[in-house]
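**Student:** I would like to see how this sequence folds:
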Amino acid sequence: MSMADAPPPQNERGHERSWKDKWASINSKFDTCTSECITNYRSDDKCKDSLENVIADIWNLKDWLVKDITVGVSQADINAFLDTKAFNISACGDIETAQKHSHADSPHREDTVLTWEGNHDHPSGSPVVFSVIRKYKDNPGNIDRWEDAWELVRRAINEWEKFLTEGGLL
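**Tutor:** Have a look, this model is predicted:
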């Protein structure tokens with residue numbers, strides 16, 4: 001059975017889960033991420049794990065929206081949004097793809113490689129641990145686009161929130 005033929009995800013009571021469940025999960029995981037990386041920092045590993053968890057959900061929300069027939073969001077709608085208004089969500093997609101397949105190589109995302117780099121003296125002044133570095137394959141010395149990983153997650157959530165609000169879903 002292909003993923004397209006798979007039944008919708010079920011919750012603990014056997015009911016189909018909707019995109020709203022994934023949205024709630026994103027917000028809950030972001031709260032955990034904020035605690036692990038900012039307000040109650042304990043270790044690099046806990047911070048990175050919480051970042052990776054919320055990043056995966058941010059990227060996968062697109063699939064939940066398309067598969068939830070009550071929403072009416074098409075794959076074309078999602079692709080248009082990701083290609084024009086979702087730089088941060090796309091960066092999360094690169095990170096998630098690299099975690100899953102050990103590399104990210106997409107012509108839609110400037111042919112970049114993303115790496116985690118510890119940075120305890122981040123310019124934000126927060127005790128944030130990881131920054132996402134975009135290194136361009138066609139210009140390896142160009143690392144001018146980097147982002148604090150927590151900030152990247154916050155901006156990606158804001159992009160989704162705007163999309164969902166404009167679509168009348170929130």
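**Student:** list the buried ones in the helix ranked longest in the chain?
**Tutor:** Ordering each helix of the chain by length in residues (DSSP state H) puts helix 44-67 first. With burial defined by 16 or more other Cβ atoms under 10 Å, the residues of helix 44-67 counted as buried are 46-48, 50-62, 64-67. C-betas here are computed from N, CA, C, even on glycine.
**Student:** how about Arg154, nearest residue that isn't a chain neighbour?
**Tutor:** In this structure, Arg154 finds its nearest non-sequential neighbour in Phe30, 7.4 Å apart by Cβ to Cβ, 6 or more residues apart in numbering.
**Student:** okay, that neighbour and Leu51: tell me how far apart.
**Tutor:** 10 Å (Cβ to Cβ, to the nearest Å).
**Student:** who touches both of the two?
**Tutor:** Residues touching both Phe30 and Leu51 by Cβ atoms under 8 Å, 6 or more residues apart in numbering: Val153.
**Student:** count of neighbours near the closest residue to Asp49 other than its chain neighbours?
**Tutor:** Spatial nearest neighbour of Asp49, excluding adjacent residues (Cβ to Cβ, 6+ apart): Glu36 at 7.6 Å. Other residues lying near Glu36 total 23 when counted by other Cβ atoms under 10 Å.
**Student:** the helices in the chain, which residues?
**Tutor:** Counting by DSSP H, residue ranges of the helices within the chain are 19-34, 44-67, 75-84, 87-101, 149-166.
**Student:** isn't Asn60 up against Trp23?
**Tutor:** No. Contact criterion Cβ atoms under 8 Å: Asn60 and Trp23 do not qualify, at 11.2 Å.
**Student:** for the closest residue to Thr70 other than its chain neighbours, grab phi and psi.
**Tutor:** Of all residues not flanking Thr70 in the chain, Ser18 sits nearest, at 6.9 Å (Cβ to Cβ, 6+ apart). Reported as degrees, to the nearest 10, the phi and psi values for Ser18 are phi -110, psi 180.
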